[in-house]
Structure formats: C-alpha cells, structure tokens
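> have a look at this prediction, sequence included:
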Amino acid sequence: MENQEILEIVEKQRMFHSSGKMRAFSERKKALKRLYKNIKLKEKDIYEALKKDLNKSEVESYMSELGLSLSEIRFMLRHGKRYSKNKRVITPLAHFPAKSYKIPCPYGNVLVISPWNYPFMLSIEPIVDAVASGNTVILKPSEISPNVSQVLKELIELSFERGHVDVVLGGKEECSFLLDQDFDYIFFTGSTRVGKIVRQKATEHFTPVTLELGGKCPCVVDKSADLKLSARRIVFGKFLNAGQTCVAPDYVYCDESIKDKFIEEIKAEIIRQYGKEPLKNNSYPRLVNQKQFNVMKSFLKDNVIFGGKCDEGSLKIEPTLIESDFDSESMQDEIFGPILPIVTFNNIDMAVKKINSYPKPLALYVFSKSEKVQQKFLRECDFGGGCINDTIIHIASSKLGFGGLKQSGIGEYHGKTGFDTFTHYKSIVKRGSLDLPMRYHPYSELKYKIIKMFLK
C-alpha cells in the first residue's frame, strides 16, 4: 500500500474518532454484532485461509482461532455496557462535601500489529477489546500469512465503517511507515526483537504500548506428577500449531529420577495423538515458511531421542524430543517449533534458581501433586501466567488477563483487562458549594491541627 493511502486512512480515523460516534456503547455494540455475524458468515473462507497458510485443520482452527475470537466478542457484548459507565469511588473526608468518580474514555486511534502464528485470533481479539472501549483501529496483519490477511481485510470492510476499523496490508515498509505516525495506543504481538523497535518508535510520540512477546516457557515435571496425564497435556500444548505458539512449553524441566519413564510416556502420547507417521497426518500443521523450517532443522543437531524426520516439500517436521542441557543450542533462544528439549534437575531449589537465571518467560507450567512444590514455583519464579497440571489453557479465558513480564511483554488484555488496556480513566472530584476554610491563607495553628486531623 502506498504511503499516501496510509496517511489518508490515519487522517480519516482521526476524524471518525473526533466525531464522537462511538462514545455511546450502543454504537460499539452494533459494530461488534456485525463482526460476530460476519465471522460466522465467512467461517469457511477463514478455514481455507488458515489451511493454506499453516495447514491447520478445521478443528484446530476453530478451537484456537475462531472459537476464542467469538467468545471474546460475546463477553464484550454482555459486559461492555457496564464497563463503559462511570465508576464511583470513595471520597476522602478532607474533600467533604464532594463525590469522586472515574470516567472510562477511549485512548483514540489505535494501531494493532498482529503476527502470523495465530493470524486470525491475534488480530480479532485486540480489535474487539479496542472497539468495545470506543477506539478506532488500524490493523496491520502479517505478510507471512497472506491468505488470512486478505480474509481479515474482507471481513473488516464488511463489518465496520471506514475510518472506524481499517486494514493496511503489506510488509516491513508499511509497518515502519505506520509506526512513524502519531497513534494514541499501539498493540503489538510478535518477537522480542521487533517489540524493541515498536517500543522505541512509540516513545518518540509518548505513545503507550502493549507488547505481547514470548520467551522460553519452562514446563516443570516433578517426581510426584501423574506422568501419563502430564505427557498427554504437554504434547497437546507443545505441538499445537506445530509448536508455533508463544505460550507453548519451550522445554520440559523434569526430575532426573523420572526422566526415562516420562520420555516413554511422551513418546507414546505423540504416537497416540499424531500417529506413527505424523508427516502424513493431514491435520498436523506445517511450519510457516522455508526460513522457519531451516531454523527448526538446525536444532536437530542436538541429541534426538524421538522423531526428527523432515519433509521439506511440505515444510513439516515431526514432533521431536531431544535430550538437552542448558548449554545446548536449543536452550539459547525460544524454539517456536515442534522440537521439545528434555532437561533434568535433581534439586527443586536449584531448578527455581536456574529458571530465574533466564529472561522472564511468558508462561510457566508446573506438573506436580505436591501443593508445596506447586506454590514454590508459582511464588518464586517470575513469569507472565501459566497453569498447574496443564498447558496453555490459561489464555483461553476472558476472565483472566493475558500478558508477559519484562522481556516477555508489557501489559495484558482479554475480557475486562482488555477493556482497561484500551481505556484511559479520567479521575474527577465534583464539589458542592459548602466549603471548608482551613486550606486557605492565612494559615494558623488551629487550621494546622484541623488539616492534620483530616489528612493523618
């Protein structure tokens, strides 16, 4: 898209926001209802696009993309009106007589930059939260998932007025040009490397940001865990979308005493879920492009203990287990693919210390029957969010905020947290005519004592 076209969209959105049309939640509700209706209308087109870009099956596409998006819309339709009302708060006695309240106001013009790994859901959910809060939105979807990006453009044009929500297609040049514009809020999902660039650009305009990034998410399995059930849930969370999930277990950190037995359970579970020849399983997603395939293939130099077969023609790599340690190549950066390193510990305190020596992850998972062990990792490790005795499902609730911590992200969204993310709350004190004179000059010892009484 030409720069001039982008500037026209940005200006049109500023004018649309200034018109005040979306101040009333009733108008936001109409727009969200249209979006919901049109997602259902274009469901098959969305499935086809996800199949072309990532080889996702309809079941996986609905479970991890459409279903979550529709759920977020329903949540905002039910609760958005209440969230949009003024919030009364307690007034300090020193302000008597008065009332205090907060007015929820949209930031204004929002830029959403979405990634390729869950290209539909990670575009629609922030749009839903931003629209429910009364903002305009420009979506810049990933050029790496072009079929989904095109369907998103069609869907947005069908659902929203021009100037309310718009889509800018293109690559790095278009994204960079958008970041040079003065937005009121920027919401980015993607890599830490690009997240740094987004934050630097936003700082030039004093623009607040939400950054949803990633990191090496640990999956701790202690000796008390139900190994069969743990294996089942870890295989699901790790190899969903062929491991191209920011909250996927990046590595298993298991007690050395149960390592061999646990590996056998993981092997059996991979076969149960994906078959003996996963590369021939038409429901098994592929890696998004040749570059990602080559990166994943490079990790196979480590000690492969299961899987490891590749099909360059289809860009697929089998669910693979590698025996690893913290000095291995696979443990230096986030993997973001269907390769699962197994690392061991023999002391819980040292395991906590080792996890905390890495950058703060987006998620942490603990498999244990011991409440003491569970609480030790939850309280002593720093991470965005996670699960006990399961993986990734914490991101699928509109009642829970989702976000990272430091290197894994800034800010949260989903549900009420998402509404708050795109909302500025104006703090207001409304006074009556009755006045308390002690704050005014000339001051005296009596006024000083009264002020201390009120403000102690």
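Received it, and whenever you're ready, just let me know what you need.
> could you use CA atoms for every contact and neighbour count after this?
Fine.
> in the helix or strand of the chain at the bottom of the mean pLDDT ranking, which residues are buried?
Lowest on mean pLDDT, DSSP states H and E among the helices and strands of the chain sits helix 445-455, with a mean of 87. Residues of helix 445-455 classed as buried: Lys447 (neighbour count, 16 or more other CA atoms under 10 Å).
> for it, which helices and strands make contact with it?
Applying 3 or more CA pairs under 8 Å, 6 or more residues apart in numbering; DSSP states H and E, one finds that helix 445-455 contacts no other helix or strand.
> and Ile138, helix, strand or coil?
Under DSSP: H, G, I helix; E, B strand; the rest coil, Ile138 falls in the strand class.
> tell me which residues of stretch 423-434 come out buried.
Those would be 423-425, for stretch 423-434 by 16+ other CA under 10 Å.
> what residues are up against the nearest residue to Pro359 once chain neighbours are set aside?
Counting by CA to CA, 6 or more residues apart in numbering, Pro359 lies nearest to Gln407, which is 6.2 Å off, once chain neighbours are set aside. Neighbouring residues of Gln407 by CA atoms under 8 Å, 6 or more residues apart in numbering: 192, 213-215, 359-361.
> redo the residues you listed as JSON lines? Include distance to Asp226 and neighbour count.
As requested, the contacts of Gln407 are exported to JSON lines (distance: CA to CA, whole Å; neighbours: other CA atoms under 10 Å):
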{"residue": "Thr192", "distance to Asp226": "34", "neighbour count": "17"}
{"residue": "Leu213", "distance to Asp226": "31", "neighbour count": "25"}
{"residue": "Gly214", "distance to Asp226": "28", "neighbour count": "27"}
{"residue": "Gly215", "distance to Asp226": "26", "neighbour count": "27"}
{"residue": "Pro359", "distance to Asp226": "29", "neighbour count": "16"}
{"residue": "Lys360", "distance to Asp226": "27", "neighbour count": "23"}
{"residue": "Pro361", "distance to Asp226": "24", "neighbour count": "30"}
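> any chance of TSV for these, columns distance to Lys42?
Output for the contacts of Gln407, formatted as TSV (distance: CA to CA, whole Å):
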residue	distance to Lys42
Thr192	33
Leu213	29
Gly214	30
Gly215	33
Pro359	40
Lys360	39
Pro361	35
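> ok, so of these, who is nearest Ser324?
Of all the contacts of Gln407, the one sitting nearest Ser324 is Gly215; the distance, using CA to CA, is 17.5 Å.
> next one: phi and psi at the closest one?
Phi and psi for Gly215, reported as degrees, to the nearest 10, are phi 130, psi 180.
> got a list of what it touches?
With contacts defined as CA under 8 Å, 6+ apart, Gly215 is in contact with 246, 333-334, 359-362, 407-408.
> out of the residues you listed, the closest to Met296 would be?
Using CA to CA, Glu334 comes nearest to Met296 of these, at 10.8 Å.
> what about that closest one, neighbour count?
Look at Glu334: counted by other CA atoms under 10 Å, it has 18 neighbours.
> which SS class is it?
When classified by three-state DSSP, Glu334 comes out as coil.
> with Glu174 instead?
Quick answer, by three-state DSSP: Glu174 is helix.
> who touches the residue nearest to it when sequence neighbours are not counted in this structure?
With CA to CA, 6+ apart as the criterion, Glu174 has its nearest non-adjacent residue at 7.0 Å, and that residue is Met1. Residues in contact with Met1 (CA under 8 Å, 6+ apart) are 168-170, 174.
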